[in-house]
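Student: only geometry, no sequence info:
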């Protein structure tokens, strides 16, 4: 009988938490007029925007390679 009450309590707590979470999410909906992404800098002169050059790809750096990941 005691295990049945424990299972019943756990089930009630799970269902209550699920309902409370669903109510919280529906009450805090995001603003539909908000932008989905931040504004992107657009340039007409070859990718330089305000002194910042935007280029695609990955460049190799002049740094020492990581030889150990040990941390104390």
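Tutor: Structure's in. What do you need? Being a predicted model, the structure only gives us computed values, none of them experimental.

Student: buried residues of the helix or strand hosting residue 6, list them for me.
Tutor: When elements are assigned from DSSP states H and E, residue 6 belongs to helix 2-27. By neighbour count with 16 or more other Cβ atoms under 10 Å, helix 2-27 contains no buried residues. For glycine as for every other residue, the C-beta is placed from the backbone atoms N, C-alpha and C.

Student: show me the contact partners of stretch 20-29.
Tutor: Taking contacts as Cβ atoms under 8 Å, 6 or more residues apart in numbering, no residue outside stretch 20-29 touches it.

Student: any idea of the mean pLDDT in that stretch?
Tutor: What stretch 20-29 shows for mean pLDDT is 89.

Student: figure out how far it is from the centre of its chain.
Tutor: 19 Å (Cα atoms, centre = their mean, to the nearest Å).

Student: now do stretch 61-72
Tutor: Between the centre of stretch 61-72 and the centre of its chain there are 28 Å (Cα atoms, centre = their mean).

Student: and it, what's buried?
Tutor: So stretch 61-72, judged by 16+ other Cβ under 10 Å, has zero buried residues.

Student: just how off-centre is the helix holding residue 6 within its chain?
Tutor: Using Cα atoms, centre = their mean, the offset of helix 2-27 from its chain centre is 26 Å.
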